[in-house]
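Novice: following is a predicted model, sequence given first.
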Amino acid sequence: MATVTWMFLQALPFVLIIIIFVKVISLLKNRQKLVASFKNFPGPKPHWLWGNMQELTGDFQGMLRVADYAAKYHGAFPVWMGPTDAFLMTVHPATVRSVLSGTDPKDEFSYSLMRPWIGDGLLLSSGKKWDRNRRMLTPAFHQEVIRNYVKIFYQSAQELLKKWEGVKEPVETFHHISLLTLDSMMKCLFGYTSHCQNERVRHPYIQGVYDVSEQIVKRITNPLHHFQFIYDLSANGKEFRKTCDIIHEHSEKIIRDRRQLIATEKPGSRPIDFLDILLSGRDSDGNGLSDQEIRDEVDTFMFEGHDSTASSMSWCLYNLAKHQDCQDKCREEIQQQWGDKEDITWEDLNKLEYTFMCVKESMRMYPPVPNVSRCAEKDIKLPDGRIIPKGVRMAVSLFALHRNPEVWPEPEEYDPSRFSQDSMIYQSAYMPFSIGPRNCIGQLFAVTQIKVIIPTLIRKFRFTLDPSRPAEPESMLILRSKNGLYLNINPV
């Protein structure tokens with residue numbers, strides 16, 4: 001036995017050398033393949049070790065630099081993430097339309113960090129499964145379903161109004177609005193009252209959803225934690241797994257409770273919601289979703305639906321605080337169309353044309369999801385004749401796309417009139433919810449929520465900037481402010 005152990009120890013260094021050698025050869029081959037794939041796509045010169053990652057960071061300057069490179073490199077250029085890995089950044093309307101018009105799956109590298117939480121739901125699934133589930137879930141976001149949520153959105157906004165009454169210090173608005181969107185999502189999609197805006201009593205499920213988002217952001221900002229075995233051993237990795245277990249346990253409880261309710265209630269006794277459709281939906285073969293698929297979709301929509309909408313509303317309030325003339329004009333319109341009315345209806349939402357122009361312009365400048373990604377399932381021919389080869393990972397910078405000076409004159413200026421009825425929006429130049437078959441299935445839900453909540457807040461409060469804490473946009477899954485979004489809030 002001792003001889004065998006000694007021989008193993010003697011051979012171990014040679015085995016490790018061989019493994020490292022094979023890995024290095026594989027990485028070099030991958031680099032050669034990528035260089036060949038990008039031969040017709042010039043781009044910024046990468047550092048021999050760091051690639052382009054030190055200049056194309058997720059902070060505001062890094063995002064602006066992508067916009068500058070968009071013009072310099074004809075709307076598409078490679079971004080190297082190190083010496084042997086790269087993706088193609090696409091930022092021109094015509095190029096983006098080609099990239100997003102198909103059903104190519106999400107880039108697994110970019111989204112895999114979330115898989116332990118949200119599983120194989122619509123965000124991460126691909127192929128026949130994605131197509132089947134997308135068809136089955138589409139009815140959950142039909143206008144006739146969404147219009148029933150207007151009252152719930154308004155009630156959730158009232159809770160926030162109460163929290164902000166009498167505040168004296170600047171408020172970090174993103175945090176409060178994120179809780180509001182969680183509150184309304186739980187009520188609308190799952191018929192569940194969480195009281196999560198009352199921060200003195202935080203439900204474990206809501207706390208879990210809140211925590212897991214922060215844990216993923218922490219992982220993204222630590223390159224060492226991108227290696228699974230290192231992350232598994234880290235304190236953040238252990239907390240992440242524990243949080244996922246808590247979320248999954250409560251997701252399953254929500255599903256079990258709804259099954260019991262459906263079995264005992266009288267049909268038609270309440271409006272149908274997202275969870276009802278998850279449980280009752282059938283595909284063309286008459287098959288429903290499995291329990292695992294239902295849980296994955298529940299967790300996926302909790303991720304996709306709350307922070308992205310919170311980002312849209314927070315940046316909108318920021319822009320209105322920065323541009324008091326626009327805020328005053330919104331408030332005047334809201335007063336004319338809504339007055340002191342409390343029973344806001346679906347029909348009331350489309351009366352606020354200028355207010356929603358302000359929302360659109362804010363989402364142009366600060367798209368809630370600043371980047372989306374795909375992986376080419378087949379060769380993609382661009383309008384200029386260049387080919388994106390099969391297997392290439394592609395990213396679309398919506399932030400840079402929305403600041404293209406060829407489409408948007410003076411793109412750094414906040415100008416809601418760009419979205420007046422008389423203006424012409426260049427096709428594929430504005431897409432805060434993406435476009436194509438894999439666009440955001442919940443965009444009507446999000447837009448309706450914004451149309452209810454922003455006017456409700458504006459007609460009660462005046463928002464002004466806190467000059468001591470200027471916002472610093474940062475791309476972290478969604479567009480946040482690195483140092484928070486602090487605003488002064490005063491009654492009108």
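Specialist: Perfect, thanks for sending it.

Novice: for residue 147, phi and psi?
Specialist: Reported as degrees, to the nearest 10, the phi and psi values for residue 147 are phi -60, psi -20.

Novice: correct me, but it touches residue 346?
Specialist: Yes. The pair residue 147 / residue 346 is scored as a contact, 4.2 Å apart, by C-beta atoms under 8 Å. Backbone N, C-alpha and C define where each C-beta goes, glycine included.

Novice: check contacts around residue 307.
Specialist: Counting by C-beta atoms under 8 Å, 6 or more residues apart in numbering, residue 307 makes contact with 178, 181, 213, 477-478.

Novice: okay, it: pLDDT?
Specialist: The score at residue 307 is 85. That number is its pLDDT.

Novice: now swap in residue 153 and tell me
Specialist: 96.

Novice: three-state assignment of it?
Specialist: For residue 153, the assignment made with DSSP: H, G, I helix; E, B strand; the rest coil gives helix.

Novice: what number of residues lie near it?
Specialist: 25 (other C-beta atoms under 10 Å).

Novice: for residue 355, see how far away it is.
Specialist: Noted for residue 153: a distance of 15 Å to residue 355, by C-beta to C-beta, to the nearest Å.

Novice: show me what the helix or strand encompassing residue 178 is packed up against.
Specialist: Element membership of residue 178, judged by DSSP states H and E, is helix 173-190. Packing partners of helix 173-190 (3 or more C-beta pairs under 8 Å, 6 or more residues apart in numbering; DSSP states H and E): helix 150-164, helix 204-220, helix 274-280, helix 291-322, helix 443-458.

Novice: what about that helix, average pLDDT?
Specialist: 91.

Novice: quick one: distance of that helix to the chain centre.
Specialist: 15 Å (C-alpha atoms, centre = their mean, to the nearest Å).

Novice: report the buried residues of it.
Specialist: Residues 173-174, 176-190 are the ones in helix 173-190 that count as buried (16 or more other C-beta atoms under 10 Å).

Novice: tell me the buried residues in stretch 416-435?
Specialist: 416, 418-419, 428-435.

Novice: what of stretch 330-349?
Specialist: 330-331, 333-334, 337-338, 344, 346, 348-349.

Novice: do the same with stretch 30-47
Specialist: 31, 34, 37-38, 41, 43-44, 46.

Novice: can you give me the strands for the stretch 51-200 of the chain?
Specialist: Along the stretch 51-200 of the chain, counting by DSSP state E, counting those that start in this stretch, strands occupy 76-80, 86-90, 171-172.

Novice: tell me who's in contact with the residue nearest to residue 258 when sequence neighbours are not counted.
Specialist: Excluding its sequence neighbours, the residue lying closest to residue 258 (C-beta to C-beta, 6 or more residues apart in numbering) is residue 275, at 5.2 Å. By C-beta under 8 Å, 6+ apart, the contact list for residue 275 reads 189-191, 254-255, 258, 298.

Novice: dump those residues into TSV; add distance to residue 217 as well.
Specialist: Below are the contacts of residue 275 laid out as TSV (distance: C-beta to C-beta, whole Å):
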residue	distance to residue 217
189	23
190	25
191	29
254	25
255	27
258	31
298	21
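
Novice: among those, which one lies nearest to residue 489?
Specialist: residue 189 (28.4 Å; C-beta to C-beta).

Novice: from residue 304, how far out is that closest one?
Specialist: In terms of C-beta to C-beta, residue 189 sits 11 Å off from residue 304.

Novice: and the angle from the lengthiest helix in the chain to strand 86-90?
Specialist: Longest helix in the chain by number of residues (criterion: DSSP state H): helix 2-37. Angle, helix 2-37 to strand 86-90, by axes from the mean of the first three to the mean of the last three C-alpha atoms, to 10 degrees: 30 degrees.

Novice: please pull out the lowest mean pLDDT helix or strand from this structure.
Specialist: None of the helices or strands of the chain scores lower by mean pLDDT, DSSP states H and E than helix 108-111, at a mean of 69.

Novice: residue 407 contacts residue 431, correct?
Specialist: No. Using C-beta under 8 Å, residue 407 and residue 431 do not qualify as a contacting pair, with a distance of 11.9 Å.

Novice: where along the stretch 301-450 of the chain do the strands fall?
Specialist: Going by DSSP E, counting those that start in this stretch, the stretch 301-450 of the chain shows strands at 371-375, 380-381, 387-388, 393-397.

Novice: could you dump those into JSON lines with mean pLDDT added?
Specialist: Shown next, in JSON lines, are those (pLDDT from 0 to 100):
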{"stretch": "strand 371-375", "mean pLDDT": "92"}
{"stretch": "strand 380-381", "mean pLDDT": "95"}
{"stretch": "strand 387-388", "mean pLDDT": "96"}
{"stretch": "strand 393-397", "mean pLDDT": "94"}
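
Novice: mind putting those in a markdown table, distance to residue 94 and mean neighbour count included?
Specialist: As requested, the strands of the stretch 301-450 of the chain are arranged in a markdown table below (distance: least, C-beta to C-beta, whole Å; neighbours: other C-beta atoms under 10 Å):
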| stretch | distance to residue 94 | mean neighbour count |
| --- | --- | --- |
| strand 371-375 | 16 | 22 |
| strand 380-381 | 12 | 16 |
| strand 387-388 | 13 | 20 |
| strand 393-397 | 12 | 22 |
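
Novice: can you put those in a markdown table and add distance to residue 98?
Specialist: What follows is the strands of the stretch 301-450 of the chain, written out as a markdown table (distance: least, C-beta to C-beta, whole Å):
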| stretch | distance to residue 98 |
| --- | --- |
| strand 371-375 | 11 |
| strand 380-381 | 6 |
| strand 387-388 | 8 |
| strand 393-397 | 10 |
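
Novice: among those, which is nearest residue 457?
Specialist: Taking the strands of the stretch 301-450 of the chain one by one with C-beta to C-beta, strand 371-375 is closest: 28.1 Å.

Novice: tell me which strands the closest one pairs with, and in which orientation.
Specialist: Paired neighbours of strand 371-375 in the sheet (DSSP bridges): strand 393-397 (antiparallel).

Novice: what lies in contact with the strand it pairs with?
Specialist: Counting by C-beta under 8 Å, 6+ apart, 63, 66-67, 70, 79, 86-91, 96, 99-100, 104, 107, 109-110, 370-376, 388, 434 sit against strand 393-397.

Novice: can I get it as PDB, trimmed to CA atoms?
Specialist: The C-alpha trace of strand 393-397 is given here as PDB (Å, rounded to 0.1, in the frame of the first residue of the first chain):
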ATOM      1  CA  ARG A 393     -21.600  35.100 -27.900                       C
ATOM      2  CA  MET A 394     -23.300  38.400 -28.600                       C
ATOM      3  CA  ALA A 395     -24.200  41.400 -26.400                       C
ATOM      4  CA  VAL A 396     -26.400  44.400 -27.100                       C
ATOM      5  CA  SER A 397     -25.700  47.600 -25.100                       C
END
